[in-house]
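Sequence first, predicted coordinates after that:
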Amino acid sequence: MAISVKDGERDGMENIEFVVNAIAENGQEFLLDVIGSKEEGLKQIFSNASEHSSLIIEYVQRFGAFDGFFTKDNVAKLTEAAGFEEGVKALATPHK
C-alpha cells in the first residue's frame, strides 16, 4: 500500500521526514531510512511488514512535477530491503 505525502515542509523538515518521525515515535519501524532526494523528484520509505498481515506501507513525497513511482536508485534499494525483510521473517517462522 502506498501513501502519498503532500509536497512541502513542516517544522523545518520535508513533509515525509516529519511524517516518518511522527510514526516512528509511535513504534513503527522501517526497512531503511528515507531514500531519494528533492533533486531526483522523489523521496520514499517502506515500513516493516505488519506482523498480522505482512503488509508493507510505502510513504512517498513527490517534488514539483515528478510523476513517477520510483527513481532508478530507489527501486533497487527498496526491493532489496523488502526481500531481506521477507527472508528474515522466513527464517524466524517455525516449520511444521
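Arrived safely, thanks for sending.

what's the helix or strand for the most centrally placed residue in the chain?
Centroid-nearest residue in the chain: Ile45, 1.7 Å away (criterion: CA atoms, centre = their mean). Following DSSP states H and E, one finds Ile45 within strand 42-46.

Show me what that strand is in contact with.
For strand 42-46, the external contacting residues (CB atoms under 8 Å, 6 or more residues apart in numbering) are 14, 16, 20, 30-37, 56-63, 66, 68, 70-71, 74, 78, 81-82. In short, each C-beta sits where N, CA and C put it, glycine included.

Kindly report the same for stretch 65-85.
For stretch 65-85, using CB under 8 Å, 6+ apart, the contacting residues are 2, 31-32, 35-36, 40-42, 44, 46, 48-49, 56, 58, 60.

what's the burial count for Leu32?
Using other CB atoms under 10 Å, Leu32 is surrounded by 14 other residues.

what separates it from Gly41, distance-wise?
Remark: distance between Leu32 and Gly41 (CB to CB, to the nearest Å) = 19 Å.

coming back round to it: so what strands line up beside the strand holding Ile45?
strand 35-37 (antiparallel), strand 58-62 (antiparallel) (DSSP bridges).

Just say which of the ones you listed is most tucked in.
For these, the largest average neighbour count (mean count of other CB atoms under 10 Å) is found in strand 58-62, namely a mean of 20.

starting at the chain centroid, how far to that one?
Here the centre of strand 58-62 is set off from its chain's centre by 7 Å, with CA atoms, centre = their mean, to the nearest Å.

follow-up on the earlier one: now, among the contacts of stretch 65-85, which is nearest to Glu25?
Nearest to Glu25 among these is Asn48, at 15.2 Å by CB to CB.
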